[in-house]
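1. okay, sequence plus prediction incoming.
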Amino acid sequence: MNYLLRVRLKRSASITSIATLLLPEDPSRRAEASHRLLWSLFAGDPDAPRPFLWREDKDGVFYVLASKLPGDSELFDVEVKDFSPSLAVGDRLQFSLRANATRAYKAPGKSASNIRGKRADVVMAALSPLSQTERSLQREAIIQETGATWLSGQGAKHGFSLPTAPRVDGYNKWKIPRGKMAEIEISTLDFEGVLEVTDVDHFTMAIARGFGHAKAFGCGLMLIRRA
């Protein structure tokens, strides 16, 4: 059983007064803070696998797909509903997804059978060979094209197709602070559009696992509804 949660900071005076401390406005610090705050809903074994995917939808409002129910929270108001969509091959669904869209590239000296030496975001990989002028002129088209190609590849592996090109925007790069450890750099793309289910089991499993990388920092959760 999976559960879809709608989570937001409580509107009490005591929580509102520290809201900017709990959720900083700087996007990188906010992703790290949100990651830690949402973990507090599932307090328990710190070594247990992360039981949820999440994303921030609006300012201070989060959607969370979880494999277990959250505990009580002094910080958040939480709405919970069962997530068990009844799907069939051919169903068309509207979707929204924020993803860390990357692909593996062969590292120098690696054999053809071992290409996973380096992972780079698909947009930067396409922009890097271009001059500054070319980047400025082609940036938006490359974001759309490379993002759509990446998502189409996800669909081929995970049980859905794209009958029309999705809207792709919101390309951002964040550096997530980790105290004394090296920063984590991630990039995100926002996708919206319509998909068609081609394999129900593969698609529902992929929804639960999430798409792409950086799931701990608000990527990978696909929100769906009937088209």
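-> Arrived safely, thanks for sending.

2. only C-alpha atoms for contact and neighbour calcs from this point on.
-> Fine.

3. show me where the protein dips below the pLDDT cut-off.
-> Where the chain drops to pLDDT under 70, the residues are 44-48, 106-117, 179.

4. 80 instead, please
-> Applying pLDDT under 80 to the chain picks out residues 43-50, 58-59, 105-118, 177-182.

5. how about the strands of it, start to end?
-> 2-9, 52-58, 61-66, 76-83, 92-99, 102-105, 118-121, 160-161, 167-178, 181-197, 222-226 (DSSP state E).

6. give me the contacts around stretch 195-212.
-> Contacts with stretch 195-212, where a contact means C-alpha atoms under 8 Å, 6 or more residues apart in numbering, come from 2, 53, 65, 87-95, 99-102, 154, 158-164, 219-222.

7. how far does the top helix by length along the chain sit from the chain's center?
-> The single longest helix within the chain, with elements called by DSSP state H, is helix 132-158. Its chain's C-alpha centre and that of helix 132-158 lie 17 Å apart, by C-alpha atoms, centre = their mean, to the nearest Å.

8. quick check: the gap between His158 and Thr188.
-> Per C-alpha to C-alpha, to the nearest Å, His158 is found 20 Å from Thr188.

9. ok, the two, which is more surrounded?
-> The residue with more neighbours, out of His158 and Thr188, is Thr188; 24 against 21, by other C-alpha atoms under 10 Å.

10. bridging residues for the more buried one?
-> Legend: beta-bridge partners of Thr188 under DSSP bridges are Asn172.

11. go on, the one 4 residues further on?
-> With DSSP bridges applied, Glu192 shows beta-bridge pairing to Ser96, Arg167.

12. and this structure, what are its domains?
-> Following automatic domain parsing, the chain resolves into domains at 2-83, 92-226.

13. can you pull the contacts of the closest residue to Leu9 other than its chain neighbours?
-> Leaving aside its sequence neighbours, Leu9 sits nearest to Phe76 (C-alpha to C-alpha, 6 or more residues apart in numbering; 4.4 Å). With contact set as C-alpha under 8 Å, 6+ apart, Phe76 has these partners: Val7, Arg8, Leu9, Lys10.

14. repeat that for Arg119.
-> For Arg119, the contacting residues are Thr102, Arg103, Ala104, Tyr105, by C-alpha under 8 Å, 6+ apart.

15. if you skip the residues just before and after it, what's nearest to the first one?
-> Of all residues beyond its chain neighbours, the one nearest Thr102 is Asp121 (4.0 Å), with distances taken as C-alpha to C-alpha, 6+ apart.

16. count of residues packed around the spatially closest residue to His35 that is not a sequence neighbour?
-> Leaving aside its sequence neighbours, His35 sits nearest to Phe217 (C-alpha to C-alpha, 6+ apart; 5.8 Å). By other C-alpha under 10 Å, 22 other residues sit near Phe217.

17. how much space between the closest residue to Phe62 other than its chain neighbours and Lys10?
-> Distances taken as C-alpha to C-alpha, 6+ apart place Glu56 nearest to Phe62, at 4.3 Å, with adjacent residues excluded. Between Glu56 and Lys10 the computed distance is 15 Å (C-alpha to C-alpha).

18. likewise for Thr102?
-> Separation of Thr102 from Lys10 (C-alpha to C-alpha): 35 Å.

19. then Ala43?
-> Applying C-alpha to C-alpha to Ala43 and Lys10 gives a distance of 18 Å.
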